[in-house]
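Student: Fold the following for me, if possible:
(chains A and B)
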Amino acid sequence: MTTTLIVLSVVDIGLLIAGLAVYLYIVGGQLNRVATNLEQCSELVGSIVRDAEVIEPGVERINRTGGVIAGALPLLYGMAEGIVTGATYEPAETSERGPAQPASGRRRSRLHDAVGYAPGKRAVAPVASQPEDEVTS
Amino acid sequence: MVFALTNTQENLWWGAVIGGFVVVLAVAALLTVLVLLVREIDRRVVEIRNTLQQAAANTSDTALIAETATSVDAVLAEGLEHHLFLGRVLGKVRS
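Tutor: Below is the predicted model:
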């Protein structure tokens, strides 16, 4: 019985030590991975902070300049409107023009002369008495 | 070598052995919980690292903000030139 107790005591202590060793080995490996990842996180946070430091002064400068531009634009387009108004051609007042007439006046038609028709003139001689080759001019 | 134990001593020893096994089981359970928690912490830290990598990628181009500010200043300078030009032309048009 005493031997049994001794063996059980040794097994008990051995289990305790072995269990602690195994679990601590596992937890140690996990904590090492966590430490590595946290180190990378720290570097990333530092990088982000360095990148973010330039945001505020840059945006403030852009806002300041943009405000100046926004304030000056109404003045600019006011001046542009003044230029457009002053440079637009305004013709003098003219009466309504009729249709264009040729400078030489109305052209006389020769068709009537070709057939011997002269409106406003009376025929003084019969047509038959005229020579055949005579053409009324 | 013979150990002579009384019944009380033997019972106490048995009690110590049984108590030791119980303690071993309790330690195993607690260490299992610890391992699970540390594994969860590891997983969350990996997610945080990935998120931080994306954030770093998103903020990697912030150096362009200064160049943008310089360009906006150039726009302002050009606007001032336009202002001067329009002022000269407006005076000629009105005269």
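
Student: Tell me how chain A divides into domains.
Tutor: Domain assignment of chain A by automatic domain parsing yields the ranges A:10-53, A:55-86.

Student: Which among these is found nearest to B:A4?
Tutor: For the domains of chain A, distance to B:A4 was read as Cβ to Cβ. The smallest value, 20.3 Å, belongs to domain A:10-53. Every residue, glycine included, has its C-beta placed from N, CA and C.

Student: Is chain B within reach of the lengthiest helix in chain A?
Tutor: Secondary structure assigned by DSSP state H gives helix A:2-53 as the longest helix of chain A. Yes. Judged by Cβ under 8 Å from any Cβ of the partner chain, helix A:2-53 and chain B are in contact via A:2, A:5, A:8-9, A:12-13, A:15-16, A:19-20, A:23-24, A:26-27, A:30-31, A:33-34, A:37-38, A:40-41, A:44-45, A:47-48, A:51-52.

Student: What pLDDT is listed against A:H112?
Tutor: Looking at A:H112, its pLDDT reads 77.

Student: Just give me the lowest mean pLDDT stretch among the domains of chain A.
Tutor: That would be domain A:55-86, which, of all these, carries the lowest mean pLDDT at a mean of 89.

Student: Can you lay out the domains of chain A as a markdown table showing mean neighbour count?
Tutor: Formatted as a markdown table, the domains of chain A follow (neighbours: other Cβ atoms under 10 Å in any protein chain shown):
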| stretch | mean neighbour count |
| --- | --- |
| domain A:10-53 | 14 |
| domain A:55-86 | 14 |
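
Student: Between those domains, which one is closest to B:L64.
Tutor: Per Cβ to Cβ, nearest to B:L64 of the domains of chain A: domain A:55-86, 8.7 Å.
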